[in-house]
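1. I need the structure of the sequence given here:
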Amino acid sequence: MLPPREEALNYQPTWAQVQGPSRDGAQPVTLVMALEGEPSDSHAAMIAAHVEVLEAWTAIGEEVLATTATDAPERRAVGFALLMFASELASVLGSPALSPAMAPKARRSAAEAIVAATLRAGGCLAGAVMEHQALLA
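-> Here you go, the predicted structure:
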């Protein structure tokens with residue numbers, strides 16, 4: 001799910017679902033779709049993996065915010081990646097069918113990762129918001 005650091009801005013984080021014996025046919029899916037295709041006893045580990053990757057992408061967002069201008073295209077790419085990947089996790093936390101047995105500590109960790117990612121996404125997308133507002137004016 002996490003590309004090499006030097007290629008991070010070229011790829012968005014995603015889950016892949018393999019169909020058949022070869023990995024060549026892997027299709028990108030959301031966390032919800034990935035969880036629905038797996039037994040419930042593997043959900044906690046998958047959610048924890050999602051949180052770990054989201055935290056790594058949040059660090060990428062912090063780095064992009066610190067090193068690029070408000071209108072830099074890198075910011076938009078990272079901002080949307082953070083927003084989408086965080087929203088996947090939020091949808092799982094809000095689903096009684098997918099996260100009913102999550103430990104309170106794991107749920108809190110996931111919620112904190114969502115908040116941090118959303119804050120970085122907002123910073124990264126500030127230029128896009130200003131551009132949108134200028135179009136409306």
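2. so is the closest residue to E36 other than its chain neighbours in a helix, a strand, or just coil?
-> Computed as CB to CB, 6 or more residues apart in numbering, the closest residue to E36 that is not its neighbour in sequence is L98, at 7.7 Å. For the C-beta atoms, the positions are set from N, CA and C on the backbone; glycine is no exception. Secondary structure assignment for L98 (DSSP: H, G, I helix; E, B strand; the rest coil): coil.
3. Now do the contacts for L98.
-> With contacts defined as CB atoms under 8 Å, 6 or more residues apart in numbering, L98 is in contact with 32, 35-36, 43, 92.
4. Tell me which of those fall in strands.
-> Nothing among the contacts of L98 maps onto strands, per DSSP state E.
5. So which of these is the closest to A59?
-> V92 (21.5 Å; CB to CB).
6. Can you list the buried residues in the worst-scoring helix or strand of the chain on mean pLDDT?
-> In the chain, no helix or strand scores lower on mean pLDDT, DSSP states H and E than helix 126-136, which sits at a mean of 78. Neighbour counts using 16 or more other CB atoms under 10 Å place 126-127 of helix 126-136 among the buried residues.
7. Using CSV, list the CA coordinates for that helix.
-> Extracted C-alpha coordinates of helix 126-136, given in CSV (Å, rounded to 0.1, in the frame of the first residue of the first chain):
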residue,chain,number,x,y,z
ALA,A,126,-5.9,25.2,0.7
GLY,A,127,-4.6,26.3,-2.7
ALA,A,128,-7.3,24.3,-4.5
VAL,A,129,-9.9,26.0,-2.2
MET,A,130,-8.6,29.4,-3.0
GLU,A,131,-8.6,28.5,-6.8
HIS,A,132,-12.2,27.4,-6.5
GLN,A,133,-13.3,30.5,-4.6
ALA,A,134,-11.6,32.7,-7.3
LEU,A,135,-13.7,30.8,-10.0
LEU,A,136,-16.9,31.6,-8.1
